[in-house]
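Trainee: Provided below are the primary sequence and the corresponding predicted coordinates.
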Amino acid sequence: MVSNATEGLIPQPMAEFDISHPAFVTLMANNSVPAKPTWDILVSSFNGVPFSKDSVSLVRDIGNSKSQDASHVEVISDSLHWPNEPGSIPGRAFTQ
């Protein structure tokens, strides 16, 4: 569940997604359109079975009402071994 929190207010649910065995959740800035930056959520899954494969899922533009249902969960990979904490590489790494 994702909530919309502002100082002094009680967080309210914004969206709910059915992702099995979530382990790590990462909120990432998406600056692919510089004039309109958005936020994406990456979720790493861990099923607990040694040497088995787990997944990383993505929900794009979490603030957009269209992304707030399960149909907008994209599986990026379902063949990673845990731990697989998702993260970002700074854009400047590709320009140096």
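Mentor: Cool, got the structure.

Trainee: Tell me who's in contact with the closest residue to residue 81 other than its chain neighbours.
Mentor: Distances taken as CB to CB, 6 or more residues apart in numbering put residue 53 closest to residue 81, at 6.4 Å, once the chain neighbours are dropped. All C-beta atoms are positioned from the backbone trio N, CA, C, and that covers glycine. Residues in contact with residue 53, defined by CB atoms under 8 Å, 6 or more residues apart in numbering, are 78-81.

Trainee: which one of those residues has the most neighbours?
Mentor: Ranked by neighbour count (other CB atoms under 10 Å), the contacts of residue 53 have residue 80 at the top, with 15 neighbours.

Trainee: related to what we said a few turns ago, could you tell me which of the contacts of residue 53 belong to strands?
Mentor: Counting by DSSP state E, those place 78-80 in strands.

Trainee: Excluding chain neighbours, what is closest to residue 60?
Mentor: residue 40 (5.1 Å).

Trainee: Show the pLDDT at the one you found.
Mentor: You'll see residue 40 listed with a pLDDT of 88.
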